[in-house]
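In: Output the structure for:
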Amino acid sequence: MHRVVKEPRSQKNGGRVGSTVLMMLAPRIFSWGFTLVELLVVIGVIGLLAGLMLPVIRHVAEKSKVVAVHSDLYQIGLALHVYADDHGGRVPPVRVNCNNDLRDHWCQLPPELAAGNYLPTGIEAGREVAFFDRFNPGFTYKYAAPGPMLLNNEPIGNYALWIPTSFPNLESTNGRYFETPSDSPVKWVIWSVGPRPNSPKSTSKYAPMSSTTWYKRVGDSGVIIRYATRDGIQFKSP
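Out: Sure, this is the predicted structure:
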């Protein structure tokens, strides 16, 4: 009796089955990739979404920074309040400087606040208080008050603070200068130059006390301020 031995199908067909399987799978394998047109469409969509989101991201970033500035000014205002309590109601003198390396640091935060441990201490001239304007890196927040002024660290009379005559309504640009604390309705003012420090509002001669120079909304220019009345009550810009 003879046994019939069948050849394996793959061998009998000379590998046709394997080739057929590969041919069937090929469309699926290559369909996983992107054509050039599809890739360009995806890139275009991503670019469009990024363009739409960028203004939103900038809006949120600016608003967050403004909130942080108000928090900084609150801390400085508290330090000035405690300093005044410790010094018979007096606040530190205002400083201006004519030296080339320091003249841009006019109305810097008073070194007395660092020396008395009311605020963090810095190590550079013009930055003895390590509390820097978030919109003006390398410079402290600004400080002004009617009363004693130092020019190049030497007494030179009183600093004159411009205040609208309509105070406490600060919307006017009509005002006058006050040199003595007893006459001024404002005890002190501290401010940030704002997100656009070189803008006409931030550099106005009516800044920081006229509200026409204040930053009021995202995208705006102007200063961000906090001030205390003669009675020590504190107010801030929007």
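In: Have a look at this protein and report its longest helix.
Out: If you go by DSSP state H, the chain has its longest helix at helix 36-86.
In: Which elements pack onto that helix?
Out: The contact analysis (3 or more CB pairs under 8 Å, 6 or more residues apart in numbering; DSSP states H and E) places helix 36-86 against helix 111-115, strand 186-192, strand 224-229, strand 234-236. No exception for glycine: its C-beta is placed from N, CA and C like everyone else's.
In: Same question for stretch 195-212: list its buried residues.
Out: 195-196, 199, 201-202, 206-211 (16 or more other CB atoms under 10 Å).
In: which residues touch the residue lying closest to Phe178 once chain neighbours are set aside?
Out: The shortest distance from Phe178 to any non-neighbouring residue, by CB to CB, 6 or more residues apart in numbering, is to Ser184 (3.6 Å). The neighbourhood of Ser184, defined by CB atoms under 8 Å, 6 or more residues apart in numbering, consists of 146, 161, 163, 178, 230.
In: Closest one of the residues you listed to Phe135?
Out: Leu161 (21.9 Å; CB to CB).
In: mind checking the backbone torsions on the closest residue to the closest one other than its chain neighbours?
Out: Excluding its sequence neighbours, the residue lying closest to Leu161 (CB to CB, 6+ apart) is Pro146, at 4.8 Å. As for Pro146, its main-chain torsions (degrees, to the nearest 10) stand at phi -60, psi 130.
In: surely Pro146 meets Val189?
Out: No: contact criterion CB atoms under 8 Å: Pro146 and Val189 do not qualify, at 9.8 Å.
In: shared neighbours, those two?
Out: In contact with both Pro146 and Val189: Leu161, using CB under 8 Å, 6+ apart.
In: Contact partners for the residue nearest to the spatial centre of the chain?
Out: The centroid of the chain falls nearest to Lys65 when counting by CA atoms, centre = their mean (3.7 Å). Lys65 makes contact with 134-135, 195, according to CB under 8 Å, 6+ apart.
In: thinking again about what came up before, PyMOL command for the buried members of the contacts of Ser184?
Out: Applying 16+ other CB under 10 Å to these leaves a buried subset, and the PyMOL line that selects it is:
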select buried, resi 146+161+163+178
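In: Alpha carbons of stretch 170-185, in CSV - could you do that?
Out: Extracted in CSV, the C-alpha atoms of stretch 170-185 (Å, rounded to 0.1, in the frame of the first residue of the first chain):
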residue,chain,number,x,y,z
LEU,A,170,-7.8,111.9,40.7
GLU,A,171,-9.2,112.1,37.1
SER,A,172,-8.0,115.7,36.6
THR,A,173,-4.7,117.0,35.1
ASN,A,174,-5.2,120.2,37.0
GLY,A,175,-3.2,120.2,40.2
ARG,A,176,-0.3,121.5,42.2
TYR,A,177,2.9,120.5,43.9
PHE,A,178,3.0,119.7,47.6
GLU,A,179,6.4,119.8,49.4
THR,A,180,5.5,119.4,53.1
PRO,A,181,3.8,116.4,54.6
SER,A,182,1.5,118.5,56.7
ASP,A,183,0.0,120.3,53.7
SER,A,184,-0.2,117.3,51.3
PRO,A,185,-3.3,115.1,51.2
